[in-house]
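Undergrad: just a sequence and a predicted model for now, questions to come.
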Amino acid sequence: MTKKKIKLIKILVVAGGWSDEREISLLSGRNIFSCLQKNKYNVKFLDLKKNNIKQILRYMPDLIFNALHGEFGEDGGINAFAFVNKIAITHSGGVSSALCFNKRLLKNYLESKLNILSPKEILNTKNIKFPVISKPNWGGSSKGIKFIHNKNFLKRNINNHQFLIEEIIHGKELTVTVIENNNKIMALGVTEIEFDNRHYDYLAKYTKNKSLHFLPARIPNLKYKFLMEISKKIFRVCNCKGIARLDFIISNKNKKIYFLEMNTHPGLTKISLAPEQAKYQSFSYLYLLEQIINSSL
């Protein structure tokens with residue numbers, strides 16, 4: 001679809017929601033809305049809450065730009081709403097979103113499909129080397145992550161489907177953004193993330209100057225190329241659309257690359273990694289948004 005035609009369609013940026021990532025979703029959504037409005041797109045903004053979802057139907061957009069993070073936005077919920085009401089929507093489809101939102105399910109799926117290495121899940125309390133890490137099985141922004149140093153917490157939460165308990169891999173944290181660029185799948189770059197906190201937490205992610213980004217990552221060229229290629233393969237095998245960000249770590253101990261998780265709705269704030277990687281490819285923020293929109297039409 002041409003740029004001229006896209007500017008005629010009614011776009012509704014939906015942000016906010018009711019997950020614990022609401023604040024970041026609003027930052028992403030307002031950034032998206034501001035950019036599209038400034039560039040003369042036919043766009044409106046909705047701060048979604050549980051009691052106002054019918055406002056989407058009152059506006060009846062041609063396209064929902066899904067700026068929600070977490071529950072209902074990333075788990076396929078709003079996709080189902082859009083599908084039932086025959087409204088186009090950005091980002092990955094409902095099934096892909098649900099798959100990628102569930103960390104355990106995604107890890108097992110990628111192991112079977114692509115033989116991807118990921119941190120070992122702790123499934124029993126025998127012969128454990130502490131500390132280990134506990135994270136919510138779904139959700140993002142590094143919220144709810146805990147380091148476990150004894151068996152008390154572990155006994156209460158092991159085999160609990162709400163938590164993923166894993167071995168800790170010490171190493172370089174890396175991230176790759178993949179987009180559909182003129183309907184071709186493209187990896188934008190590999191960013192190395194350095195931070196002072198024990199892990200890349202919410203504060204380090206969304207506070208200016210709390211983390212350092214090295215783009216391109218300071219890793220061997222072969223590993224860089226491997227990450228670019230494997231990220232595109234994961235994007236394809238999960239049937240993703242538009243954009244996704246994939247997180248990895250290279251172990252200090254054995255130099256192996258471990259897959260951590262994939263975010264089908266990465267942040268699009270002013271300090272988010274995806275726009276930074278787009279800029280590295282000389283793509284403007286508007287161009288990035290337009291590619292996400294194009295892939296959904």
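TA: Happy to help now that I have it.
Undergrad: where does the protein dip in pLDDT?
TA: Low-confidence segments of the chain (pLDDT under 70): 139-143, 157, 159, 197-210.
Undergrad: grab the most central residue of it for me.
TA: Nearest to the geometric centre of the chain sits residue 263, at 2.0 Å (Cα atoms, centre = their mean).
Undergrad: can you pull out the helices in the chain?
TA: All helices of the chain, identified by DSSP state H, fall at 3-6, 22-38, 55-59, 77-84, 94-101, 103-114, 151-157, 202-206, 221-237, 273-280, 285-296.
Undergrad: nearest to residue 186, out of those helices?
TA: Closest approach to residue 186 among those (Cβ to Cβ): helix 221-237, 7.6 Å. In short, each C-beta sits where N, CA and C put it, glycine included.
Undergrad: what helices or strands is the closest one leaning on?
TA: Other helices and strands packing on helix 221-237, by 3 or more Cβ pairs under 8 Å, 6 or more residues apart in numbering; DSSP states H and E, are helix 103-114, strand 171-181, strand 184-195, strand 243-251, strand 257-263.
Undergrad: next, format the helices of the chain as JSON lines and append mean neighbour count and distance to residue 213.
TA: Shown next, in JSON lines, are those (neighbours: other Cβ atoms under 10 Å; distance: least, Cβ to Cβ, whole Å):
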{"stretch": "helix 3-6", "mean neighbour count": "11", "distance to residue 213": "30"}
{"stretch": "helix 22-38", "mean neighbour count": "20", "distance to residue 213": "17"}
{"stretch": "helix 55-59", "mean neighbour count": "13", "distance to residue 213": "35"}
{"stretch": "helix 77-84", "mean neighbour count": "18", "distance to residue 213": "30"}
{"stretch": "helix 94-101", "mean neighbour count": "21", "distance to residue 213": "23"}
{"stretch": "helix 103-114", "mean neighbour count": "16", "distance to residue 213": "23"}
{"stretch": "helix 151-157", "mean neighbour count": "13", "distance to residue 213": "33"}
{"stretch": "helix 202-206", "mean neighbour count": "18", "distance to residue 213": "11"}
{"stretch": "helix 221-237", "mean neighbour count": "17", "distance to residue 213": "15"}
{"stretch": "helix 273-280", "mean neighbour count": "21", "distance to residue 213": "6"}
{"stretch": "helix 285-296", "mean neighbour count": "19", "distance to residue 213": "16"}
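Undergrad: closest to residue 121 out of these?
TA: helix 103-114 (7.1 Å).
Undergrad: output that closest one as PDB, restricted to C-alpha atoms.
TA: C-alpha atoms of helix 103-114 as PDB (Å, rounded to 0.1, in the frame of the first residue of the first chain):
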ATOM      1  CA  LYS A 103       8.500 -18.100  28.000                       C
ATOM      2  CA  ARG A 104       8.500 -21.800  28.800                       C
ATOM      3  CA  LEU A 105       6.400 -22.700  25.900                       C
ATOM      4  CA  LEU A 106       8.500 -20.600  23.500                       C
ATOM      5  CA  LYS A 107      11.800 -22.100  24.800                       C
ATOM      6  CA  ASN A 108      10.500 -25.700  24.300                       C
ATOM      7  CA  TYR A 109       9.100 -24.800  20.900                       C
ATOM      8  CA  LEU A 110      12.400 -23.300  19.700                       C
ATOM      9  CA  GLU A 111      14.400 -26.200  21.100                       C
ATOM     10  CA  SER A 112      12.300 -28.700  19.100                       C
ATOM     11  CA  LYS A 113      12.200 -26.600  15.900                       C
ATOM     12  CA  LEU A 114      15.700 -25.000  15.700                       C
END
